[in-house]
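Asker: Need a 3D model of the following:
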Amino acid sequence: MTVARAGLAIRVVSLYPDVMGVYADRGNMIALVARCLRSGIGCQVTAIGIGDRLPAEADLVLIGGGQDREQRRIAGELAGRGALLREWAEQGAAMLAVCGGFQLFGRSYRTAAGDELPGVGIFDAVTVAPGPGWQRCIGDVLARAEIEGVGEVVGFENHGGRTYLGPRARPFAQVLYGYGNNGDDGAEGALAGAAIGTYLHGSVLPKNPALTDHLLRAALRHRYGDGGAELLALDDPYAERAHRAAAAVARQRGRARAAVRW
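Answerer: Predicted structure coming up:
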């Protein structure tokens, strides 16, 4: 059993977990809590539903994916929370926004029905769903993260929307196998400070322990400053095995980047 170290704790906000949690995205929270427990770090989780107030502070924010119907339910309220969420991001809070959450953390999302949903504006990105008859971006993904020390990331994507990054955004990763943001430019997700947007489900964190550690280090840095708290180095053979297996599947079954054509 790991003993908590000197009262260390991070404050985690989970946005709309009852609405935005398709494709097992709740596994991201499970992975974070488990990693904190093994490292002796407290994990104070606040789940925010429709109509709930945000806490005054957060070190790490999570939001998962949802279909257009769920995104319509929360888009207006989420955009109304944008000022505080952007303030947290500017102050260095870690964030992980997956699929539909990633789309709504951009500037806007136009649905397949033509509805224009406002975004939070964390990422300089817009998403457009081209409508019926267009191929969805579905399959196993292997990508190379643009974050030092994270390396290759694996996951599963399933989205109709095409996301395009603006000049103030940079990709989270470069696609090796799969479609990524739009199936054209090779970009996967987006970065803005310590905020990460991605289309990777699966859920993404249990199969990418280096990414989990990166988020936790960013959360600790936000709470305690540089050098104020260290994340213990831990062996995680099950997560590493899952990562290797998922990477092998992507190489075997995923679309090679050079083969992606519309």
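Asker: Walking through the chain, point out its helices one by one.
Answerer: Counting by DSSP state H, one finds helices in the chain at the ranges 27-39, 68-80, 82-90, 100-104, 209-224, 237-253.
Asker: Pull out the buried positions in the third one.
Answerer: Of the residues in helix 82-90, those buried by neighbour count under the rule 16 or more other C-beta atoms under 10 Å are Gly82, Leu85, Arg86, Trp88, Ala89. The C-beta positions use only the backbone N, C-alpha and C, and glycine is treated the same way.
Asker: residues in contact with it?
Answerer: Residues outside helix 82-90 that contact it (C-beta atoms under 8 Å, 6 or more residues apart in numbering) are 54, 57-58, 61, 95, 105, 119-122, 192-195.
Asker: Output the below-cut-off pLDDT ranges for this structure.
Answerer: 1-6, 258-262 (pLDDT under 70).
Asker: on that earlier part again, out of the contacts of helix 82-90, who's the most crowded?
Answerer: Phe105 (31 neighbours; other C-beta atoms under 10 Å).
Asker: Run through the residues that contact that one.
Answerer: Applying C-beta under 8 Å, 6+ apart to Phe105 gives the contacts Ile63, Leu85, Met95, Ala97, Gly119, Val120, Gly121, Ile122, Phe123, Ala195, Gly197.
Asker: again, only this time at 7 Å
Answerer: Contacts for Phe105 (C-beta atoms under 7 Å, 6 or more residues apart in numbering) come out as Ala97, Gly119, Val120, Ile122, Phe123, Gly197.
Asker: Next, find the distance separating Gly114 from Ala75.
Answerer: Distance, Gly114 to Ala75, using C-beta to C-beta, to the nearest Å: 14 Å.
Asker: now the end-to-end length of stretch 186-199.
Answerer: 13 Å (C-alpha to C-alpha, to the nearest Å).
Asker: How about stretch 58-68?
Answerer: Terminal-residue distance, stretch 58-68 (C-alpha to C-alpha): 27 Å.
Asker: from the chain's centre, how far out does it sit?
Answerer: Using C-alpha atoms, centre = their mean, to the nearest Å, the mean C-alpha position of stretch 58-68 is found 7 Å from that of the whole chain.
Asker: all strands of this protein, in order?
Answerer: For the chain, the strands defined by DSSP state E occupy 9-15, 42-48, 60-63, 94-98, 108-110, 116-118, 125-128, 137-145, 152-159, 162-165, 173-177, 187-188, 190-192, 195-198.
Asker: Tabulate the ones you listed (a markdown table), appending distance to Leu216.
Answerer: Compiled in a markdown table, those are given as follows (distance: least, C-beta to C-beta, whole Å):
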| stretch | distance to Leu216 |
| --- | --- |
| strand 9-15 | 7 |
| strand 42-48 | 9 |
| strand 60-63 | 8 |
| strand 94-98 | 8 |
| strand 108-110 | 29 |
| strand 116-118 | 30 |
| strand 125-128 | 25 |
| strand 137-145 | 16 |
| strand 152-159 | 16 |
| strand 162-165 | 26 |
| strand 173-177 | 19 |
| strand 187-188 | 21 |
| strand 190-192 | 17 |
| strand 195-198 | 13 |
